[in-house]
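*Asks:* I would like to see how this sequence folds:
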Amino acid sequence: MAEKINENLIIQLLKHQQRAAVRAAVTASVAAAKAKREALQQTLNSKAQELQDYAKNTYSTNITDGLEGQAADAAKDYLSQMPKPELTSPIKS
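*Replies:* Okay, here's the model as predicted:
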């Protein structure tokens, strides 16, 4: 009878340890995913700004060099009003 009780206690202790290990692994995974998400979002913000700058400056200058008159002015005006792209990380938090 005492052996059965000891065996049940050991089994319960092992289950508790296993649950704690699983919780720790999940917590570590979630933390790693959040860190990757934040790093990726910073990169995406930087790239979105680069795209906006390219459209407003480089592309605008290049396209207006090939156009004349009102077409050049319209293209330059349109490109200068391009909004910053909304790039969001596909990694969910």
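*Asks:* can you map out the strands along this structure?
*Replies:* According to DSSP state E, the chain carries no segments that qualify as strands.
*Asks:* what comes up buried for the lowest-mean-pLDDT helix or strand in it?
*Replies:* The least trusted helix or strand in the chain, going by mean pLDDT, DSSP states H and E, turns out to be helix 60-65, with a mean of 82. Within helix 60-65, the residues scored as buried using 16 or more other C-beta atoms under 10 Å are Ser60, Ile63, Thr64. Where you see a C-beta, it was placed from the backbone N, CA and C, and this is true even at glycine.
*Asks:* got the CA coordinates for that helix in PDB?
*Replies:* Output in PDB follows, covering the C-alpha atoms of helix 60-65 (Å, rounded to 0.1, in the frame of the first residue of the first chain):
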ATOM      1  CA  SER A  60       9.600  61.400 -59.600                       C
ATOM      2  CA  THR A  61      12.800  63.000 -61.100                       C
ATOM      3  CA  ASN A  62      13.300  60.100 -63.500                       C
ATOM      4  CA  ILE A  63       9.800  60.100 -64.800                       C
ATOM      5  CA  THR A  64       9.500  63.900 -65.200                       C
ATOM      6  CA  ASP A  65      12.800  63.900 -67.200                       C
END
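*Asks:* chain center to that helix, what's the gap?
*Replies:* From the chain centre to the centre of helix 60-65 is a distance of 33 Å (C-alpha atoms, centre = their mean, to the nearest Å).
*Asks:* how about residues contacting it?
*Replies:* Helix 60-65 is contacted by residues Ala72, Asp73, Ala75, Lys76, Leu79, Ser80 when judged by C-beta atoms under 8 Å, 6 or more residues apart in numbering.
*Asks:* among those, name the ones in helices.
*Replies:* Members of those lying in helices (criterion: DSSP state H): Ala72, Asp73, Ala75, Lys76, Leu79, Ser80.
*Asks:* residues near the first one, how many?
*Replies:* Counted with other C-beta atoms under 10 Å, residues neighbouring Ala72 total 15.
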